[in-house]
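**Q** I need the structure of the sequence given here:
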Amino acid sequence: MRLLHKELFEFEHKSYEIRIYSEGWRFTVRAYLDGSPVNGYKYTVDLPTAFDLHQIQNIDAIQRLFELAKEDIQSRIWERFVTIHLRSMRTTAKDILGCQNCTSRNIVSTMVDGSKMFECQDCSNIWYERPSSAGACQIVLDQIIGEIEKTGSHETFTVALLNGPFTEDKSVGPSFMDQLQNWTNKNKLRYEFFQKRDSDGKRREAIRFYSEVPRVPPPILA
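**A** Residues are numbered from 1 along each chain as shown. Okay, the predicted model is just below:
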């Protein structure tokens with residue numbers, strides 16, 4: 001990707017760099033501090049019309065990406081995520097509850113996308129310990145798992161995931177199918193594609209997620 005422009009941003013006596021990169025007519029904005037990415041986010045927009053690349057930073061869509069990067073720095077969203085993740089990594093075995101399905105304490109825990117996933121070795125029940133906050137894409141994925149825990153399956157249109165949690169950027173990352181397969185493998189889920197009518201009556205591709213083993217999460221404490 002080609003670096004087109006960078007702009008300094010001062011916050012709490014630190015000097016951040018907000019950089020614009022281009023790949024064809026896709027433009028990406030990222031935030032840096034001391035030469036390293038300041039968070040795990042990037043902000044991308046496609047501009048189909050030819051612009052003067054020397055003035056690209058003045059385009060409204062690009063300016064909005066700048067503002068998103070600055071807002072994330074000022075609100076410390078990424079810092080809070082890292083803090084919660086590190087705190088969850090320090091959880092010891094004594095903090096693990098018994099399985100709600102069979103009461104076994106033969107439990108294995110692993111970290112999956114910022115959450116601690118518990119798996120009962122006796123009955124294969126799976127449940128999670130979620131961080132207190134999460135990004136919009138992770139919330140969508142958590143809702144899918146939550147519905148599977150309640151009803152055994154969840155259906156959604158493929159485009160909803162393609163434009164959200166599994167956005168495809170062929171130039172810099174894995175494909176939609178690779179991301180989908182990776183997520184379902186980590187969470188011990190299965191999926192299948194099928195055709196479903198949307199609210200306008202049009203047939204669209206959808207995905208049904210399910211678990212081969214019923215899931216019994218612990219009760220939610222108020």
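**Q** what separates the residue sitting furthest away from the middle of the chain from Gln181, distance-wise?
**A** Farthest-out residue of the chain from its mean C-alpha position, per Cα atoms, centre = their mean: Asp52, at 33.2 Å. Look at Asp52 and Gln181: by Cβ to Cβ, to the nearest Å, they are 41 Å apart. Where C-beta positions appear, they are placed from N, C-alpha and C, glycine not excepted.
**Q** Beyond the lowest-mean-pLDDT helix or strand in the chain, next helix or strand please.
**A** Within the chain, no helix or strand scores below helix 77-89, which has a mean of 64 by mean pLDDT, DSSP states H and E. Where DSSP states H and E defines the elements, the next helix or strand beyond helix 77-89 is strand 107-112.
**Q** Please name the strands paired to that following strand in the sheet, noting orientation.
**A** In the sheet, strand 107-112 lines up against strand 115-120 (antiparallel) (DSSP bridges).
**Q** Which residues does the partner strand contact?
**A** Residues from elsewhere that reach strand 115-120 (Cβ atoms under 8 Å, 6 or more residues apart in numbering): 88, 91, 96, 99, 101-102, 104, 106-111, 125-131, 142, 186-188.
**Q** Also stretch 201-219?
**A** Against stretch 201-219 from outside (Cβ under 8 Å, 6+ apart): 97, 99-101, 123-128, 144, 148-149, 152-159, 161, 180, 184, 188-198.
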